[in-house]
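Visitor: below are the sequence and a predicted model for it; my questions follow.
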Amino acid sequence: MAALKTEDLRNFAIAGHGSVGKTILAEAILLEAKVTNRLGRPDEGSSIVDFDDEEKHRKFSIYSTILHAPWKGRELQIVDTPGYDDFFGEAVGAFAAVETVLVAVAADAGVQVNTRRVWKKAGELGLGRAFVITRMDGENAKFADVLGALQATFGNAVVPITYPVGEAASFSGVVNTLNPPADVPAEVASQVAEVGETLRESIIESDEDLMTRYLEEEEIAPEEIMAAASKAVAQGTLVPVFCCAAEKGIGVGEMLDALVSIFPSPADGLPRQGSKPGGEEAETVTLPPAPDAPFSAQVFKTLYDPFVGKLAYFRIYSGTLRPEDGLYNAREGKREKLGHLYRVQGEKQEEVDSAAAGQIVAVAKIENLEVSDTLCSDAEPVVYPPLAFPTPMVSRAAEPKTRGDEQRMSTALARIASQDKTFLEGRDPQTGELVITGMSDLHLQVIMSKLSAKPFEVEMVLKEPRIPYKETITAKADGHYRHKKQTGGRGQFAEVYLRLEPLERGGEFEFVDEIYGGSIPRQFVPAVEKGVRETMVQGVIAGYPAVDFRVAVYDGKHHDVDSSEAAFKIASARAFSQAFRDARPVLLEPIVNIEVTIPTKYMGDISGDLSGRRGRIQGMGTEGDQQIIQAQVPLAAVANYSTQLRSMTGGEGSYTMEFSHYEAVPANVQQEIVAKAGKAKAGDDE
């Protein structure tokens, strides 16, 4: 295969809301470019893009898929991404590999939640953005309405490059507004001319030199307009709009014609900034996106292929890579041998001899390559910032369906977490539960399905995780217990006097030895502390760990023969429990900071709902056409907030959440928790 030139590449991700036709569009591009000879369909299981078994079963995209296709002397490198926000992490990874994001919007649906989310994320990363209005042949297709909504939401930089001829059942083709043909259909001639003039002026205004020449009434060649258009897209001052009916192939070729002309190549896109490794104030490094520059790349996706093992996908930002060169992993500071280098087409890999700046490639069987890793030249090392994935919010306690599968399940979950950066797994140090956290219940269901299939084949059961409450005291109290037992032979004897007093929140635990005169011999004092600590872990009033108090042992008695460490442990545990119950104990609950982003129309409902969850509103703000509510809420009240917010907002709301602090549970809530714990303990004792 001939080497690909950086300036001939066009890298873009297809993104947007779910069920707007992104995957069919990707399939239509492959068909139009003659990569395939028929249109793959996700609903029939024939899609090249949605090749994973889980995607075929569910009939929607779950993972990002890398594709490539030639078009009129250029090479398209396409990353199709899922539309459901449950799998938004796949889109975030894909954005690290491209210069432009092509946001799909359905002609019969318009601007939706993930239209905004994708737009925002692409903008944060400095990527060029464009829209494609899909399903123009749909029954309720309204091009003017959708275009108006896009311009109202995202600004006047949004301008059509291809204009539809007809819509709905009468949609028959498109016209390029920047370079219209001589035979523009009469019914759209005036609109095409008007949009074209607006478009040309918009492009010229984005280039200072062209603007000067334009004002001086100097003629500007079409090639100069196209070159300026590419810069305008890269800078975000032009947001092209295309339209098509992908299933019928209408408008796809015209979109590709325009796309290869005005989408920036890797040589023209915003350069990636890295830093020299080491040191707190690392020096900024910007390597030119050229084949002869020092090599650098970043891993944006990993997966396990049943035939070739672990695959790591990366985008080359600068330089050239050959298999014999090996790889230098900046995170680990060591070199890796490189067996084969692949270009990827869906689930297929094609071996290549080399790859240069701008290309998206993969390597196999390098187990320690992780998402966000920087690969570079060890002679001129660079580190690129880690990819910023959305924080998962939905947690469930997981346990294997079959006893004895604990280790297999834990190993499988760790492997899945290494390739999905929006999935976390780990054991809660307080409750002891293995807790998995994902973007939503659907996300966790997909994880469960993946776990049950080959190569893992582990069935898993999910349940609500225990809220990590804690117990503490609010007053001073004394405790006393005399342990005496005689059953023939050597007996057991120990007597302990303890004093408890509360500490500041976060004070954890202090143990003080105030024994004078040898009432408890020195060798038994550690046993007294151990009895207290073991009881603290188990809790006293509801089975949760006890914290934030001081325990002083100040008196006691012993027997020269019958006293032992075991006896003093028992006596101190009983004395501690008595004192704890007399010290006005309370439960502490975790409080989280939550930030909810919603359309304005839901402001009252959501703020009222948060208040009803014992939440305290901390602030409100706006971000574009979205409202933001900041609040502090008990974790127990928002444990299933993802599902509840989706229901209240019709899927238009999102939120982030992080731990803030612990505070006392209201008395009525505490009574319910203690009663529930008592019933559970009684059931366990039966």
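Guide: Yes, it's here.
Visitor: quick one, domains of this protein?
Guide: Domain ranges of the chain: 6-262, 274-376, 397-463, 471-583, 588-668, per automatic domain parsing.
Visitor: which one of those domains lies closest to residue 678?
Guide: Nearest to residue 678, of all the domains of the chain, is domain 471-583, at 7.9 Å by CB to CB. C-beta coordinates here come from the backbone N, C-alpha and C atoms, glycine included.
Visitor: show me where pLDDT drops low in this structure?
Guide: Residue ranges of the chain with pLDDT under 70: 1-2, 279-282, 488-489, 682-686.
Visitor: go again using 80 as the cut-off
Guide: Residues of the chain meeting the criterion pLDDT under 80: 1-3, 270, 278-282, 306-307, 486-490, 623-625, 680-686.
Visitor: and the spatially most central residue of it, how close does it get to residue 121?
Guide: The centroid of the chain falls nearest to residue 390 when counting by CA atoms, centre = their mean (3.1 Å). Separation of residue 390 from residue 121 (CB to CB, to the nearest Å): 9 Å.
Visitor: which neighbours do those two share?
Guide: When contacts are counted by CB atoms under 8 Å, 6 or more residues apart in numbering, the set common to residue 390 and residue 121 consists of residue 92.
Visitor: flag every buried residue along stretch 117-129.
Guide: By neighbour count on 16 or more other CB atoms under 10 Å, the buried set for stretch 117-129 is 117, 118, 119, 121, 122, 125, 127, 128, 129.
Visitor: for stretch 166-186, same thing?
Guide: The neighbour-count check on stretch 166-186 (16+ other CB under 10 Å) flags 166-168, 171-178, 180, 184 as buried.
Visitor: before we move on, what about stretch 406-416?
Guide: Neighbour count says stretch 406-416 has 409, 410, 412, 413, 415, 416 buried, by 16+ other CB under 10 Å.
Visitor: now it, how far from the centre of its chain.
Guide: 20 Å (CA atoms, centre = their mean, to the nearest Å).
Visitor: same check on stretch 312-327?
Guide: With CA atoms, centre = their mean, you get 26 Å for stretch 312-327.
Visitor: before we move on, what about stretch 667-686?
Guide: 37 Å.
Visitor: likewise for stretch 301-321?
Guide: Distance, centroid of stretch 301-321 to centroid of chain: 20 Å (CA atoms, centre = their mean).
Visitor: ditto for stretch 462-472
Guide: 24 Å.
Visitor: which residues sit against it?
Guide: Defining contact as CB under 8 Å, 6+ apart, one finds that stretch 462-472 is touched by 395-399, 428, 430-431, 433, 435-436, 444, 448, 502, 539-542, 544-549, 580, 585-590, 635-636, 639, 662, 665, 673.
Visitor: do the same with stretch 32-41
Guide: With CB under 8 Å, 6+ apart as the criterion, stretch 32-41 contacts 24, 27-28, 30-31, 46-49, 67-71, 76, 247, 249, 252-253, 256, 345.
Visitor: farthest pair in the buried residues of stretch 117-129?
Guide: Across the buried residues of stretch 117-129 (CB to CB), the longest gap, 17.4 Å, separates 117 and 128.
Visitor: I'd say residue 535 and residue 576 touch.
Guide: Yes: counting by CB atoms under 8 Å, residue 535 does reach residue 576; the two are 5.2 Å apart.
Visitor: looking at the two, which is more packed in?
Guide: residue 576 (27 against 19; other CB atoms under 10 Å).
Visitor: what segments of the stretch 451-600 of the chain are helices?
Guide: 525-538, 565-582 (DSSP state H, counting those that start in this stretch).
Visitor: with distance to residue 359 added, can I get the ones you listed in JSON lines?
Guide: Listed next are the helices of the stretch 451-600 of the chain as JSON lines, based on distance: least, CB to CB, whole Å:
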{"stretch": "helix 525-538", "distance to residue 359": "55"}
{"stretch": "helix 565-582", "distance to residue 359": "65"}
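Visitor: pick the most deeply packed of those.
Guide: The highest average neighbour count among the helices of the stretch 451-600 of the chain, using mean count of other CB atoms under 10 Å, belongs to helix 565-582 at a mean of 22.
Visitor: check which helices and strands it is in contact with.
Guide: Helix 565-582 sits against strand 477-485, strand 492-502, helix 525-538, strand 549-557, with contacts defined as 3 or more CB pairs under 8 Å, 6 or more residues apart in numbering; DSSP states H and E.
Visitor: and it, how far from the chain's centre?
Guide: Distance, centroid of helix 565-582 to centroid of chain: 47 Å (CA atoms, centre = their mean).
Visitor: how about that helix as PDB, C-alpha atoms only?
Guide: Taking C-alpha atoms only, helix 565-582 is exported to PDB below (Å, rounded to 0.1, in the frame of the first residue of the first chain):
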ATOM      1  CA  GLU A 565      -5.400 -10.600  77.000                       C
ATOM      2  CA  ALA A 566      -8.600 -12.300  75.800                       C
ATOM      3  CA  ALA A 567     -10.400 -11.500  79.100                       C
ATOM      4  CA  PHE A 568      -9.400  -7.800  78.900                       C
ATOM      5  CA  LYS A 569     -10.400  -7.600  75.200                       C
ATOM      6  CA  ILE A 570     -13.900  -8.900  76.100                       C
ATOM      7  CA  ALA A 571     -14.200  -6.500  79.100                       C
ATOM      8  CA  SER A 572     -13.100  -3.400  77.100                       C
ATOM      9  CA  ALA A 573     -15.400  -4.200  74.200                       C
ATOM     10  CA  ARG A 574     -18.400  -4.500  76.600                       C
ATOM     11  CA  ALA A 575     -17.400  -1.300  78.500                       C
ATOM     12  CA  PHE A 576     -16.900   0.600  75.200                       C
ATOM     13  CA  SER A 577     -20.400  -0.500  73.900                       C
ATOM     14  CA  GLN A 578     -22.000   0.700  77.100                       C
ATOM     15  CA  ALA A 579     -20.300   4.000  77.100                       C
ATOM     16  CA  PHE A 580     -21.000   4.500  73.400                       C
ATOM     17  CA  ARG A 581     -24.700   4.000  73.900                       C
ATOM     18  CA  ASP A 582     -24.700   6.500  76.800                       C
END
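Visitor: quick one: that helix to strand 549-557, angle?
Guide: 130 degrees (axes from the mean of the first three to the mean of the last three CA atoms, to 10 degrees).
Visitor: what does helix 565-582 contact?
Guide: Residues outside helix 565-582 that contact it (CB under 8 Å, 6+ apart): 471, 473, 477-483, 492-500, 520, 523-524, 526-532, 534-536, 540-541, 546, 551, 553, 556, 558.
Visitor: just the buried residues out of these, in ChimeraX syntax.
Guide: Filtering these down to the buried ones (16+ other CB under 10 Å) takes a single ChimeraX command:
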select :471,473,477,478,479,481,483,492,493,494,495,496,497,498,499,500,520,524,527,528,529,530,531,532,535,536,540,541,546,551,553,556,558
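Visitor: got the contact list for the residue lying closest to residue 234 once chain neighbours are set aside?
Guide: Once flanking residues are discounted, residue 234 sits nearest to residue 264: 4.0 Å by CB to CB, 6 or more residues apart in numbering. Counting by CB under 8 Å, 6+ apart, residue 264 touches 99, 100, 128, 230, 231, 233, 234.
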